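>>> Okay, here's the prediction I keep looking at, along with the sequence it came from:
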Amino acid sequence: MTTGQKFLGGIMLGVAAGVAIALFINSDKGKELLADVSDAASDAGDKLKNKYAEYEDQVKDFIKKGKSFLKDMEGKAKDIAG
C-alpha cells in the first residue's frame, strides 16, 4: 500500500466517521445525549465556581491572619529592641 493510498484511506475513514457522528447527533438519542452532556458540564461548572469561591474565602482569611501575626511579631520585636 502506497503513501497516497494510505492517505486516501484515512480521508475516506474520516468522512465516514463524520457522517456517522452527524447522523447520530441528529437522531433523538443523539440529541438526548447532547442534552445530558450539556447538563453535566453545567453542573460541573457550577460546582467548580462554588469550590473556587470557598477556597478564595479561605485564602483571604489566611492572608488576614498572616498579616495580623506579622504585626504582632513586629510589635514584640520593637518591644524587645526598645
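Looks like it arrived, so ask away.

>>> CA only for contacts and neighbour counts going forward, please
Will do.

>>> quick one, strands of the chain?
Taking DSSP state E as the criterion, the chain carries no strands.

>>> Kindly tell me how buried Ile21 is, as a neighbour count.
13 (other CA atoms under 10 Å).

>>> For it, give me its contacts.
Counting by CA atoms under 8 Å, 6 or more residues apart in numbering, Ile21 touches no other residue.

>>> With Met12 as the reference, measure out to it.
14 Å (CA to CA, to the nearest Å).

>>> ok, Gly10 to Thr2 distance?
In terms of CA to CA, Gly10 sits 12 Å off from Thr2.

>>> which one of these two has more residues nearby?
Counted by other CA under 10 Å, Gly10 and Thr2 do not tie: Gly10 has more neighbours, with 12 against 7.

>>> What pLDDT is listed against that one?
Here the pLDDT value assigned to Gly10 is 92.

>>> This protein: helices as residue ranges?
Secondary structure of the chain, counting by DSSP state H: helices at 3-26, 28-81.

>>> what is the orientation angle of the longest one with helix 3-26?
Relative orientation of helix 28-81 and helix 3-26, computed by axes from the mean of the first three to the mean of the last three CA atoms, to 10 degrees: 90 degrees.
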